[in-house]
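Chemist: heads up, no residue letters with this:
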Ligand SMILES: Cc1ncc(COP(=O)(O)O)c(C=O)c1O
């Protein structure tokens, strides 16, 4: 008997073989299956037909079906379970993007109609430097945790209970910089896990690091004043800083100890750093450099902005304590996020403010963005209080550590140690694959994207200093088997571009 899925494909545009080449057929099949998943004709968790059923039903070769299933697996639409078959993923790219393809097409048409509108100079500048990817879920996507492993049932139970008894105070605008229960839970957690010294009143709950940086620059920097950030550094922070104020943004080069100080340069109002795990290279700022930075900030009445975005994930040693806790009353604005420990779509982060900044910044935050998500904040407080948050982090640390090791071994085996970033940080959600300087990493990324592999080019993270070429490969949300097939795609593309072939590139038949 023919399966429902085969019937659906036949009724929704599957064309008989005719003159089509098998590669084209594979793409056609992928496209239809994506559509079936997006429209829920194939539902999350549903089993796809066995290879031989699809071969027989559609009259195609085994290779065509296998290729289509593998492609969909790399894109995150399906998962395969050894011995039981291929299933629709519970979280597909469409669900995560929350916009069905048809709606998005309609939307881009209306965006086109708005061309010619006069944007501010700053907006135009940001648009020229825009780097956020259109797809945020898929093989090797950096900076994204394994959102499929999030303890959904536990969280849903907590949310359900809170919603059943939701008081008006939980549904109106938030007050006092965030729910008291979350501020208390976080103050305790940050003390134990990150060595942060603070009272709950110093916490301000934000919509992630981006909003925290926006608030900081608006509150503390005047037009024309200088802000330092690491070079290379996170373009997202650079864009927020540039959009918020007409500031002088200076990229400071790094050495093996972290951001380098320049005693002669104009004193900055803010110094933005990622001391526990430099983004994107992974360096840990030395104790000596931390002390020098703190001394400089005190002497020049400057604020250090510590972005502690993913420090929970250190695999070979205990997490490096935060700079904020190194000295009492340090001139540090500490910023953290649930984007990496739980999931980015939550859009909840937090700031630990120096005492003098608590009242003004809490007030400015309320004025600028109002406050909300109280129910979410209360649920997060419970997750932390009952130990589920720490348990999830422990589980993910093991998982990500294993995946990192796997990716490292692939790089070692097929490309060699020159392609790895040294010293290895053994931390975070991505690693950097170094490339020879003549390989265009932006072009490489475009070619990879066309094949469903979502790496990011290292050169895009540099501002002023000499640019290094490489790829940021996220491993946290990619299973080992998928990683291997995607890595082989990467090798093939790299070979086609002539990259690394003259420098001990160990491209083997096995990979090709
Ligand atoms: C260094 C760094 N900070 C912050 C963020 C984003 O934080 P959030 O999602 O809380 O805005 C990222 C995202 O990749 C990042 O790489």
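Modeler: Nice, thanks for sending it over. Fair warning: this is a prediction, and the values are worked out from it, not measured in the lab.
Chemist: what residues go with each domain of this structure?
Modeler: 4-95, 149-390, 396-496 (automatic domain parsing).
Chemist: and the end-to-end length of the second one?
Modeler: It refers to domain 149-390. 14 Å (C-alpha to C-alpha, to the nearest Å).
Chemist: average model confidence for it?
Modeler: Across domain 149-390, pLDDT averages out at 96.
Chemist: next one: that domain, is it in contact with the ligand?
Modeler: Yes. Taking C-beta under 6 Å from any ligand atom as the criterion, domain 149-390 and the ligand are in contact, through 208-210, 234, 236, 274, 279, 307, 309, 337, 339, 344, 349. C-beta: built from backbone N, CA, C; applies to glycine.
Chemist: with distance to residue 139 and mean neighbour count as new columns, can the domains of the chain be given to me in JSON lines?
Modeler: Output for those, formatted as JSON lines (distance: least, C-beta to C-beta, whole Å; neighbours: other C-beta atoms under 10 Å):
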{"stretch": "domain 4-95", "distance to residue 139": "5", "mean neighbour count": "17"}
{"stretch": "domain 149-390", "distance to residue 139": "16", "mean neighbour count": "19"}
{"stretch": "domain 396-496", "distance to residue 139": "4", "mean neighbour count": "19"}
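Chemist: so which of these gets nearest residue 119?
Modeler: domain 149-390 (11.6 Å; C-beta to C-beta).
Chemist: quick one: which of the residues of domain 149-390 next to the ligand sit in strands?
Modeler: Using DSSP state E, the subset of the residues of domain 149-390 next to the ligand located in strands is 307, 337, 349.
Chemist: isn't the last one right next to residue 213, touching?
Modeler: No. Assessed by C-beta atoms under 8 Å, residue 349 is found out of contact with residue 213, at 9.8 Å.
Chemist: what residue is smack in the middle of the protein?
Modeler: Note on the chain: the residue nearest the mean C-alpha position is residue 143, at 2.5 Å, using C-alpha atoms, centre = their mean.
Chemist: any idea how far that one lies from the ligand?
Modeler: 3 Å (C-beta to the nearest ligand atom, to the nearest Å).
Chemist: strands of the stretch 301-450 of the chain, start to end?
Modeler: Assigned by DSSP state E, counting those that start in this stretch, the stretch 301-450 of the chain shows strands spanning 303-307, 332-337, 349-352, 430-434.
Chemist: tell me the SS of residue 467?
Modeler: coil (DSSP: H, G, I helix; E, B strand; the rest coil).
Chemist: and it, what's its pLDDT?
Modeler: pLDDT, residue 467: 86.
Chemist: list the contacts of it.
Modeler: Residue 467 makes contact with residue 459 under the criterion C-beta atoms under 8 Å, 6 or more residues apart in numbering.
Chemist: the residue nearest to the centre of the chain touches residue 454, doesn't it?
Modeler: No. With contact defined as C-beta under 8 Å, residue 143 does not reach residue 454; the gap is 10.6 Å.
Chemist: joint contacts of the two?
Modeler: With C-beta under 8 Å, 6+ apart as the test, residue 143 and residue 454 both reach residue 474.
Chemist: quick one, strands of the stretch 51-200 of the chain?
Modeler: 78-81, 85-88.
Chemist: mind checking which of those is nearest the ligand?
Modeler: Within the strands of the stretch 51-200 of the chain, the stretch nearest the ligand is strand 78-81; the backing value is 24.3 Å (C-beta to the nearest ligand atom).
Chemist: strands paired with that closest one, and their directions?
Modeler: Paired with strand 78-81 in the same sheet, following DSSP bridges, are strand 85-88 (antiparallel).
Chemist: what's the strand it pairs with in contact with?
Modeler: Contacts of strand 85-88 (C-beta under 8 Å, 6+ apart): 37, 42-48, 50, 69, 73, 77-81.
Chemist: what do you get if the cut-off is 7 Å, keeping everything else the same?
Modeler: Strand 85-88 is contacted from outside by 37, 42-48, 50, 69, 78-81, using C-beta atoms under 7 Å, 6 or more residues apart in numbering.
Chemist: if I look at whichever residue of the stretch 101-250 of the chain sits closest to the ligand, how far off is residue 214?
Modeler: Going by C-beta to the nearest ligand atom, the ligand is nearest to residue 208 of the stretch 101-250 of the chain, at 2.9 Å. Distance, residue 208 to residue 214, by C-beta to C-beta, to the nearest Å: 10 Å.
Chemist: for residue 175, same thing?
Modeler: Distance from residue 175 to residue 214, by C-beta to C-beta: 20 Å.
Chemist: again with residue 459
Modeler: With C-beta to C-beta as the criterion, residue 459 and residue 214 are 26 Å apart.
Chemist: could you do residue 451 as well?
Modeler: 36 Å.
Chemist: now do residue 176
Modeler: 20 Å.
Chemist: quick check: neighbours shared by residue 208 and residue 214?
Modeler: With C-beta under 7 Å, 6+ apart, residue 208 and residue 214 have no common neighbours.
Chemist: check which helix or strand covers the residue nearest to residue 70 when sequence neighbours are not counted.
Modeler: The shortest distance from residue 70 to any residue other than its chain neighbours is 6.3 Å, reached at residue 485 (C-beta to C-beta, 6 or more residues apart in numbering). Following DSSP states H and E, one finds residue 485 within helix 480-496.
Chemist: which residues are in contact with stretch 321-333?
Modeler: Here stretch 321-333 has contacts from 194-197, 216, 275-276, 290, 294, 297-298, 302-306, 308, 334, 351-354, using C-beta under 7 Å, 6+ apart.
Chemist: how far off centre is it?
Modeler: 26 Å (C-alpha atoms, centre = their mean, to the nearest Å).
Chemist: then stretch 376-393?
Modeler: 21 Å.
Chemist: one more: stretch 244-260?
Modeler: Its chain's C-alpha centre and that of stretch 244-260 lie 21 Å apart, by C-alpha atoms, centre = their mean.
Chemist: now swap in stretch 236-246 and tell me
Modeler: For stretch 236-246, the gap between its own C-alpha mean and the chain's C-alpha mean amounts to 19 Å (C-alpha atoms, centre = their mean).
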